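Undergrad: Below is the structure, and that's it, no one-letter string:
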């Protein structure tokens, strides 16, 4: 996407400076909105937020490859509302040419924690392609590594922000596309954007107040789950029907 003018006018923070605000153990709050609202949101953020820059870029390109069992046990945890659940993925920062093998855990108190190690590859055909990453999975995965396989890939563009008090970090993702490694199905969500508020704990949020002003409501959204439902006709999706309806409504605006 082209860089919105209001993004260029915002104060900046470097990747090195942002490294002190990683929030690897945090509370996440997600929102979904039509991308047409982005200029207004950025305009309202200017006074209280800084945008992360990498080199001279304010918008970064990301790619992800997700892993699950053949029976899609991680997906089923989400579908069944299990409070202690997990995701395993390779997250690639395309502009920085960096990739990490990551395990995200969400506990029954709503906190998200993430463990990761550098990955020499951004994509594998089978789980054995992770080589040294297999031990990391053996030590941390809820399921045996031998049960895991690549199931979904996505690409998107991300803007990352931090408020001037350094108490909250924001990501805004646009241009989402998905490819299912099993069914070979593809889909895109070009008119939707995913907004995520990351905090150390429940507290007042400058960003939440901006979204409240624009009548954008909280809405849990998992790129993995939605991508799987949209690209695998065999997935049970009762739990996600309302989410799919919301996305369709956003795309029609």
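TA: Received it, and whenever you're ready, just let me know what you need. This structure is a prediction, so every number in the text was calculated from the model and none was measured.
Undergrad: Next up, the contacts around residue 123.
TA: By CB atoms under 8 Å, 6 or more residues apart in numbering, the residues touching residue 123 are 63, 65, 90, 92, 150, 153. C-betas here are computed from N, CA, C, even on glycine.
Undergrad: Does residue 168 have any beta-bridge partners, and if so which?
TA: When bridges are called by DSSP bridges, residue 168 pairs up with residue 199.
Undergrad: which residues touch it?
TA: 162, 197, 198, 199, 205, 206, 207.
Undergrad: By neighbours, which of those wins?
TA: Of all the contacts of residue 168, residue 207 has the most neighbours under the rule other CB atoms under 10 Å, reaching 25 neighbours.
Undergrad: what's it in contact with, if anything?
TA: 45, 49, 161, 163, 168, 170, 195, 197.
Undergrad: hmm, back to that, need the worst-confidence member of the contacts of residue 168.
TA: Among these, residue 199 carries the weakest pLDDT, at 85.
Undergrad: For residue 51, see how far away that residue is.
TA: Residue 199 sits 18 Å away from residue 51, going by CB to CB, to the nearest Å.
Undergrad: Same question for residue 157.
TA: Distance from residue 157 to residue 51, counting by CB to CB: 13 Å.
Undergrad: quick one: the helix or strand where residue 104 lies to chain centroid distance?
TA: Element membership for residue 104, per DSSP states H and E: strand 98-106. Taking CA atoms, centre = their mean, to the nearest Å, one finds the center of strand 98-106 at 11 Å from the center of the full chain.
Undergrad: Kindly report the same for stretch 67-80.
TA: Distance, centroid of stretch 67-80 to centroid of chain: 17 Å (CA atoms, centre = their mean).
Undergrad: And that stretch, end to end?
TA: End-to-end distance of stretch 67-80 (CA to CA, to the nearest Å): 18 Å.
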